[in-house]
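1. Coordinates for the following, if possible.
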Amino acid sequence: MFALLERLILFFVIITTVRSVLQFVFRFFRGSGTATPFSSRGTASSTPLSSTLHQDPVCGTYVAADTSLKRIVDGKVIHFCSVECRDRYAA
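-> Presented below is the predicted three-dimensional model:
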């Protein structure tokens with residue numbers, strides 16, 4: 001019984017080690033191994049995605065600057081997560 005358990009543990013340790021080594025090798029040949037600020041499909045889009053987040057003043061949700069709905073109020077850009085929040089802010 002213990003021999004079977006020992007073999008299973010050894011099997012999982014070997015699989016985990018092999019997986020880690022393969023990930024390291026793939027990252028080494030791919031480059032730095034960090035994510036690029038482009039689309040997640042692996043191809044570069046025409047514009048990089050922004051990592052700047054702004055808080056919606058109505059519901060408090062954080063939304064990316066590129067995907068937010070914007071309204072200029074008193075010379076300041078306000079970012080909204082949805083049309084409903086934008087309309088509620090105007091009311």
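2. so who does residue 89 touch?
-> For residue 89, the contacting residues are 57, 58, 71, 78, 80, by C-beta atoms under 8 Å, 6 or more residues apart in numbering. Every residue, glycine included, has its C-beta placed from N, CA and C.
3. so what's the closest residue to residue 55 other than its chain neighbours up against?
-> Nearest non-adjacent residue to residue 55, counting by C-beta to C-beta, 6 or more residues apart in numbering: residue 62, 5.5 Å away. Shown in contact with residue 62 (C-beta under 8 Å, 6+ apart): 53, 54, 55, 56.
4. Of those residues, which is the nearest to residue 88?
-> residue 56 (10.0 Å; C-beta to C-beta).
5. ok, the closest one touching residue 67?
-> No - assessed by C-beta atoms under 8 Å, residue 56 is found out of contact with residue 67, at 11.9 Å.
6. of the two, who's got more company?
-> Neighbours per residue (other C-beta atoms under 10 Å) separate residue 56 from residue 67, with residue 56 holding more: 19 against 10.
7. Identify the residues contacting that one.
-> Residue 56 neighbours (C-beta under 8 Å, 6+ apart): 62, 63, 68, 79, 80, 81, 85.
8. Ok, residue 72 next?
-> Counting by C-beta under 8 Å, 6+ apart, residue 72 makes contact with residue 78.
9. Per-residue pLDDT of it, please?
-> You'll see residue 72 listed with a pLDDT of 89.
10. Kindly state the beta-bridge partners for it.
-> residue 77 (DSSP bridges).
11. follow-up on the earlier one: narrow the contacts of residue 62 to just the buried residues.
-> For the contacts of residue 62, a burial check counting by 16 or more other C-beta atoms under 10 Å picks out 54, 56.
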